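[1] what follows is a protein structure lacking sequence information:
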Ligand SMILES: NC(=O)c1ccc[n+]([C@@H]2O[C@H](COP(=O)([O-])OP(=O)(O)OC[C@H]3O[C@@H](n4cnc5c(N)ncnc54)[C@H](O)[C@@H]3O)[C@@H](O)[C@H]2O)c1
Ligand SMILES: O=C(O)[C@H](O)CO
């Protein structure tokens, strides 16, 4: 039996690669940075499947270069770099990986909140710099217990963060497009966006990046927050206006920010945000554990193989083309 021709645009976890290898002839881009479409064009010409890395845009140009493409899979839940209508027009199902990364990403989001609040990273720097001397105190942190956490984007990951916060004695409020019917079970209270901004001691952002959410945290929004507020973004960098965040932190309109995601990404080492003392930035590691990245790669590989076999994907964004 001849093998499916599949293009892989970056690194792929071993568990996913092993699944693909059984049935596919793989053309894999293994260098950094990620490829431009022109660099893949020879492979794309014959490709039936595309396993696309998270940071690679899927657009009209890429689709036009791949006339035989029948399915695309990405090991990520957020698909803001993918032109879904363009895939649908071509009747190409696009599979993402919701669910399998929920607890891992919630751990990181809550970990950022806790680390920033208790200055854990600053304490480590302090000790390593030899500043731990008798009578010398590093700046104090703040308690979580008894405080209010505002979650913007109360979906799968937001709910998992809520559970962690409640276990730490925090009250949870949230803002979504509309109140969740299961909010009693979540033990969380709905607020309008502006109400949440004014009431929360900590804000965690977990919305998808869409036309509606792009730049939803700008100057006006930071001005509505408490001067003691902690702002945590584990969603997508572009949900925040980076310049406005810089200003809010530099002018102490808010107390602190902890970011897993930034705009731009990667954040250059000489970026103004990194000159601030009231910020913690990590390099988009929300789902980055070996177990979870393997699960994501396996679900993406399963989606790809199903699509190649003309069967519905397990997790498909454009359901209307999820069968043949
Ligand atoms: N940092 C990371 O590594 C990492 C990992 C996984 C997911 N993410 C990001 O987190 C997002 C959420 O993932 P999820 O699995 O919880 O998705 P989800 O679909 O379960 O939840 C998203 C929630 O946001 C709400 N929402 C959508 N637009 C909104 C808006 N404009 N204002 C307020 N709420 C809005 C939705 O109603 C939904 O409840 C992903 O889209 C992705 O961008 C980041
Ligand atoms: O959206 C996601 O799944 C993550 O950001 C990718 O790591």
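    Okay, I see it. Computed from a predicted model, the values in this text were never measured in an experiment. Ligands and ions are numbered 1, 2, ... in the order given.

[2] make it CA atoms for all contacts and neighbour counts henceforth
    Noted.

[3] what parts of the stretch 51-200 of the chain come near ligand 2?
    76, 77, 78 (Cα under 6 Å from any ligand atom).

[4] quick check: the residue lying closest to the first one once chain neighbours are set aside vs residue 73, distance?
    Sequence neighbours aside, residue 97 is the residue nearest to residue 76 in space, at 5.1 Å (criterion: Cα to Cα, 6 or more residues apart in numbering). Spatial separation of residue 97 from residue 73 under the definition Cα to Cα, to the nearest Å is 9 Å.

[5] give me the common contacts of these two.
    By Cα atoms under 8 Å, 6 or more residues apart in numbering, residue 97 and residue 73 have these common neighbours: residue 300.

[6] so which of the two has more stuff around it?
    More crowded of residue 97 and residue 73, by other Cα atoms under 10 Å: residue 73, with 28 against 25.

[7] I'd say the more buried one and residue 87 touch.
    No. If you go by Cα atoms under 8 Å, residue 73 and residue 87 don't touch, sitting 11.5 Å apart.

[8] joint contacts of those two?
    The contact sets of residue 73 and residue 87 overlap at residue 94 (Cα under 8 Å, 6+ apart).

[9] next, count neighbours for residue 170.
    Quick note: residue 170 (other Cα under 10 Å) scores 20 neighbours.

[10] what residues does the stretch 1-150 of the chain put near ligand 1?
    77, 78, 98, 105.

[11] hmm, back to that, OK, contacts around the residue nearest to residue 76?
    74, 75, 76, 77, 296, 299, 300, 315.

[12] any idea how far residue 191 is from it?
    29 Å.

[13] same thing with residue 279?
    From residue 279 to residue 191 the distance is 26 Å (Cα to Cα).

[14] now do the SS call for residue 143.
    Each residue gets one of three states, and residue 143 gets coil by DSSP: H, G, I helix; E, B strand; the rest coil.
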